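A.B. asks: sharing a model prediction with you, sequence too.
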Amino acid sequence: MDPHTVSSNVSTSQSISAEGLRYKICDPLKGKNKLSASGCAGEEKPFDFLRLFYESVIAGATAGVVVEAALYPIDTIKTRLQAVRGGGKVVLKGLYSGLGGNLVGVLPASAIFLGVYEPAKQKLLKAFPDNLSAFAHLTAGALGGAASSLVRVPTEVVKQRMQTGQFASAPAAVRLIVAKEGFKGLYAGYGSFLLRDLPFDAIQFCIYEQLRIGYKLAARRDLNDPENALIGAFAGALTGAVTTPLDVIKTRLMVQGSAKQYKGIFDCVRTIMKEEGSHAFLKGIGPRVLWIGLGGSIFFGVLEKTKQLLSEKRPEDHRSLSLKQN
């Protein structure tokens, strides 16, 4: 993605081979001079981490808000399909219900996710050999998902309660949920959320990163915007399909409110199986795959483009300045 490969720490498009190449060039033990060695030292300065964190936060927030605003109606349909029990009907009115309040939560949640994911990924890629790069991506995705869940869960609870017509506005939803269920009501279904989202984040980002690495090695060039979007769509759709049963459980627990139809994850699974059959765990799979497939395309496309634009604004001579100071 980034034409300035030598300064692309923040780019998810950076391949493992590029990482290895950079360290081989900078390896002072292979006959390189002192100047090259000091250049390597500059890579680890706190300034680089802060820049990596800053650019990741901006890119993550931008991508998260764009994809949420663009595909919110599909998400609403998916939620209503999963929430309805038995032969209930799905209402197709108010498909943008709760969008404003959701964007308020999505922006910091996406920023936190990428702010954790990118630094963790870079550290893990450096710590593990090339053949364990998938493990680095899986672990970084799970860490990012765990950190952002502190914001994502209350946002998801409010969003889904509004999507199912329980509340008319986000402030009213927060106020009434806390009044009836206590503060813990905002974290209803937290365990099921982690059960769904940690594997989802880890698998989606691992598939995306690994496909891009393989594609770059085969094509011997950086990927263009349509290629980034296509790989993102495939990673999102595949992961969305696989994790649909977990999403159904999460939705049921989040929208039940104070009625407490389910006592927990296992009781939810047992009740759904008994009353509705195993096919109920695939409710909403069509809209979910469509939503996440399109969402993956938009999210990763916007993410990579934003990172590219941010990287192009970096002082190109900051590395050479570091060498001169040493």
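C.D. replies: Sure thing, it's come through. Numbers count the residues shown, from 1 in each chain.
A.B. asks: determine how far the helix or strand that contains Ile249 lies from the middle of the whole chain.
C.D. replies: Ile249 is located in helix 244-255, with elements delineated by DSSP states H and E. When C-alpha coordinates are averaged (CA atoms, centre = their mean, to the nearest Å), helix 244-255 and its chain have centres 18 Å apart.
A.B. asks: show residues contacting that helix.
C.D. replies: Surrounding helix 244-255, the residues in contact under the criterion CB atoms under 8 Å, 6 or more residues apart in numbering are 79, 82-83, 156-157, 160-161, 164, 166, 188-189, 192-193, 195-196, 199-200, 261-262, 264-265, 268-269, 272, 280-285, 288-289. All C-beta spots, glycine's among them, are computed from the backbone N, C-alpha and C.
A.B. asks: sort out which residues of the helix or strand that Leu71 is a member of are buried, please.
C.D. replies: Secondary structure from DSSP H and E places Leu71 in helix 46-83. Buried residues in helix 46-83, counted by 16 or more other CB atoms under 10 Å: 48, 51-53, 55-68, 71-83.
A.B. asks: what do you get for stretch 89-98?
C.D. replies: Judged by neighbour count using 16+ other CB under 10 Å, the buried positions of stretch 89-98 are Ser97, Gly98.
A.B. asks: end to end, how far does it reach?
C.D. replies: Taking CA to CA, to the nearest Å, the span from the opening residue of stretch 89-98 to its closing residue is 20 Å.
A.B. asks: contact partners of it?
C.D. replies: Residues lying outside stretch 89-98 but in contact with it, judged by CB under 8 Å, 6+ apart, are 72-73, 76-77, 80-81, 84, 158-159, 161-163, 165, 167, 170, 173.
A.B. asks: follow-up on the earlier one: CA atoms only: put the helix holding Ile249 into CSV for me.
C.D. replies: Coordinates of the C-alpha atoms in helix 244-255 are reproduced here as CSV (Å, rounded to 0.1, in the frame of the first residue of the first chain):
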residue,chain,number,x,y,z
THR,A,244,-23.0,-16.4,13.0
PRO,A,245,-24.1,-18.9,15.7
LEU,A,246,-22.1,-16.9,18.3
ASP,A,247,-23.7,-13.7,17.0
VAL,A,248,-27.2,-15.1,17.5
ILE,A,249,-26.4,-16.0,21.1
LYS,A,250,-24.9,-12.5,21.7
THR,A,251,-27.9,-10.8,20.2
ARG,A,252,-30.4,-12.8,22.3
LEU,A,253,-28.6,-12.0,25.5
MET,A,254,-28.2,-8.3,24.8
VAL,A,255,-31.7,-7.6,23.8
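A.B. asks: next secondary structure element downstream of it?
C.D. replies: Later in the chain than helix 244-255, the nearest helix or strand by DSSP H and E is helix 265-275.
A.B. asks: and the next element down the chain from that next one?
C.D. replies: Once the chain leaves helix 265-275, the next helix or strand it forms, by DSSP H and E, is helix 285-312.
A.B. asks: phi, psi of Leu223?
C.D. replies: Backbone geometry at Leu223, expressed as degrees, to the nearest 10, gives phi -80, psi 150.
A.B. asks: any idea how far Gln160 is from it?
C.D. replies: 35 Å (CB to CB, to the nearest Å).
A.B. asks: counting neighbours, go ahead and name the busier of these two.
C.D. replies: Residue environment comparison for Leu223 versus Gln160 gives the larger neighbour count to Gln160, 25 against 18, counting by other CB atoms under 10 Å.
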